[in-house]
Structure formats: structure tokens, C-alpha cells
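# model this:
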Amino acid sequence: MQSHLSENQAEMAWVRQLHPDCRQYWETYKKYGLWNDRTVMAHCVWSDERERAAMKDAGVTVVHCADSNQNLCSGVAPVRGMLDEGVKVALGSDIAGGDHLDLFDVTASVRASKARRMMDDWSTPFLTVAEGWYLATSAGAEFFGEQPGFAAGNSLHAIVLADDTLPQPRTLTPAGGWNGRCTAVRRGRTGSLVCRKKNLCEAVRKLSARVWNIKNAAVFDNLPKTAALFLHFIAVAAYSIGSVGITAR
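Got it, this is the predicted structure:
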């Protein structure tokens, strides 16, 4: 049996109105005999410790639909807490609340765990890429009786990624350089300079001297503070990749 559980606050309030005899949402399923290891509950965004403990004890499987939860502003499910507590969790798409049907794409939705980490005052570790793949594959297959991973006797479930036919971009290295272009506006004059300097401030000063035909660095010192900081920032950003390519206007 598959249904929803504690997806958002409005839904939970409605369930309390419909079932005033039940203390929590999950108890509405239990009283009808629908709370067991054959039960799949989507979302569980607002499931507290008591509800999560009930899921673990009954063997209920949670289906985490992070894309849908974000698209509908439902919240961020405490998946890390569920896993640490021994609750079974798999990954779901929840079309059309979610915007991806292919679980290969849905796997990226585990990035929502980083938002949960911030909500928990940085005390909750986010989900790793490996955990995301597990939730999208073996965790869901386990509900249907499959053993996790590449168990003996199981059919091979794999995705082959062949990138040999894809266009290969040029590798960016400090030796090869990078002709990035950053633009700044100043006095309506145009000039350009490609430079590679250890001292970034000196590089910007020399750029200013060339553009405005000034023999010293006074122009940099006289720039408004925000403009000077901007020039310094773009120089740092570009230099960190390789060459500094700047066009000043």
C-alpha cells in the first residue's frame, strides 16, 4: 500500500480534523490495518521522532521526494536522521510534483540534504553521492525483495556511461592559460591587457595606467572603494584559473 505521510502542515491539520481519535497522522493508517512492512509512505517531511520510530518498528518504507517537496514548498525531510535511526528510505520522483521522472536525474535531488543541514544548525551531515545512488537503486529494490548491492543470484542493474563519443573540452591548466574577459566601466575610454602577475593589485594598477595613459597607480587609489574592490575581485577570480584577461571601458 502506497500513500502520503506528513507532507505539509496543512495536510496534517486536515487529517487531524478527519481523525480526531488519532494522535498522529500515521495512526490513521494503523487503525485500518495499513501500517506494516508492505507499506510505502511518500514524503514524511514533518515526521517527528515518534512517527519515525513507528515507521522503523513496523518496517514501513519512506520514499523521499526531494524535488517535489521543494517545488511545492513542503519542506525538507530529515532523511539523514531517518537513516541513522534505522528507518528504510528510498528515493522517488512524485511526478508531477517533482520535475524529473528518470531516477538517474532524480538522484541529484539529494542535494536537498544540504538545506536540511542548515536547518539543523549544521549538526546534520548531508547525503553523499554514493548514498544518493543507493537510495535511487538498491534501497527501492529492497522493498520488492531484492538484496542490496550486487548480491549473488541477482540480475545486474546498471547504467553504462560512455563519454568517449562526447566532445572533449580543452583542459584548463595554468600553463595553457584562460582568455577570460571581465568588463569594467570607467571614463568612456577603451583599452585591453592580458597579464599574468603574482601581485594582483599591481596588475590592476598597470592595467589602469595603460588604459588611461597614467604613469603611476594613482588612478587605482582614487577609484571609489566599491569599484576598486570589484576590480580586485575579478582579477582574483580570473587569476585563480590561469591568465587574467580584462577589458576596461
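
# and Arg117, helix, strand or coil?
helix (DSSP: H, G, I helix; E, B strand; the rest coil).

# Numbering from 55 from now on, please.
New numbering, starting at 55: the last item is Arg171.

# what's the distance between it and Trp100?
Using Cβ to Cβ, to the nearest Å, one gets 17 Å for the distance from Arg171 to Trp100. Where C-beta positions appear, they are placed from N, C-alpha and C, glycine not excepted.

# Poorly predicted segments of this structure, please.
Low-confidence regions of the chain, defined by pLDDT under 70, span residues 202-204, 210-215, 217, 222-303.

# ok, which stretches of it are helices?
Using DSSP state H, the helices of the chain run over 63-72, 80-84, 103-112, 120-125, 133-138, 157-160, 166-173, 183-190, 192-197, 254-266, 272-276, 279-293.

# tell me the contacts of Gly186?
With contact set as Cβ atoms under 8 Å, 6 or more residues apart in numbering, Gly186 has these partners: 145, 161-162, 164.

# are any of those residues buried, and which?
Under a neighbour-count criterion of 16 or more other Cβ atoms under 10 Å, the subset of the contacts of Gly186 counted as buried comprises 145, 161, 164.

# correct me, but the second one touches Trp187?
By that I understand Thr161. Yes. Thr161 lies in contact with Trp187 (Cβ atoms under 8 Å); the separation is 6.0 Å.

# number of nearby residues for the closest residue to Glu61 other than its chain neighbours?
Once its chain neighbours are removed from consideration, Glu61 has its nearest residue in His97; the separation is 3.9 Å (Cβ to Cβ, 6 or more residues apart in numbering). Here the number of neighbours of His97 (other Cβ atoms under 10 Å) works out to 27.

# next one: Leu126
Here the count is done by other Cβ under 10 Å, and Leu126 has 16 residues near it.

# quick one: contacts for the residue lying closest to it once chain neighbours are set aside?
With sequence-adjacent residues excluded and distances taken as Cβ to Cβ, 6+ apart, Leu126 is closest to Gly151, at 5.5 Å. For Gly151, the residues meeting the contact criterion (Cβ under 8 Å, 6+ apart) are 119, 121-123, 125-126.

# dump the residue contacts of Gln124.
Each residue near Gln124 by Cβ under 8 Å, 6+ apart is listed here: 130, 163, 166.

# hang on, the earlier thing: who wins on neighbours among the contacts of Gly151?
Highest count within the contacts of Gly151 by other Cβ under 10 Å belongs to Cys119, 28 neighbours.

# wait, doesn't that residue sit right on Ala96?
Yes. Taking Cβ under 8 Å as the contact criterion, Cys119 and Ala96 are neighbours in contact, 5.7 Å apart.

# Which neighbours do the two have in common?
146, 148.

# Distance of Arg104 relative to Tyr79?
Between Arg104 and Tyr79 the distance, using Cβ to Cβ, works out to 11 Å.

# okay, the two: which has more neighbours?
Tyr79 (22 against 10).

# Phi and psi next, for the more buried one.
With angles defined as degrees, to the nearest 10, Tyr79 sits at phi -50, psi -50.
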